[in-house]
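quick one, what's the 3D model for this:
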Amino acid sequence: MTRAEGEEQQAFRDAVRGLLRGDFSRLAPLFEERPPLASSCPIIAWVQKGWFDNEPAALREALTCACFPARTSVVADLLARGVDPLAGANTGLNGFHWAANHGQLSTVRLLIEKRYRWR
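Here you go, the predicted structure:
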């Protein structure tokens, strides 16, 4: 393992701890979309690598966290991967709550749309 890979794995483990604590403000940079694709953000890269496979609670929190700063394309990517749009959060609030509370209407619309497709 290279030093960069070790640092990335450490960053992932730190992110999982933060997600499970609901430390969304600190984790916001991990959801920043880098053009041209949302998949370039660290959270989606870690999902693609399978690192969240053994961390389902943290992955659900990642969806909630992505709703906090309205990273709609990241939310869409996570939903497309099967993350529950009603995923509960350890904070007691889910993505709908955060997106609505912060006036993130495009994210609210997406969550509502996906919620009704899940039924």
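
switch to C-alpha atoms for all contacts and neighbour counts from now on
Will do.

for the closest residue to residue 15 other than its chain neighbours, list the residues it contacts.
Of all residues beyond its chain neighbours, the one nearest residue 15 is residue 27 (6.9 Å), with distances taken as C-alpha to C-alpha, 6 or more residues apart in numbering. With contacts taken as C-alpha atoms under 8 Å, 6 or more residues apart in numbering, residue 27 has the following neighbours: 15, 18, 19, 65.

can you report how many residues lie near residue 63?
30 (other C-alpha atoms under 10 Å).

ditto for residue 85
By other C-alpha under 10 Å, 24 other residues sit near residue 85.

helix, strand or coil for it?
Look at residue 85: counting by DSSP: H, G, I helix; E, B strand; the rest coil, its state is coil.

hmm, it is touching residue 109, no?
No - judged on C-alpha atoms under 8 Å, residue 85 makes no contact with residue 109 at a distance of 11.5 Å.

in the helix or strand bottoming out on mean pLDDT in the chain, what's buried?
Counting by mean pLDDT, DSSP states H and E, the chain has its least confident helix or strand at helix 105-118, which shows a mean of 80. Residues of helix 105-118 classed as buried under the neighbour-count rule (16 or more other C-alpha atoms under 10 Å) are 107, 108, 110, 111, 114.

of the contacts of residue 27, just the buried ones, PyMOL syntax please.
A single PyMOL command selects the buried members of these (16+ other C-alpha under 10 Å):
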select buried, resi 15+18+19+65
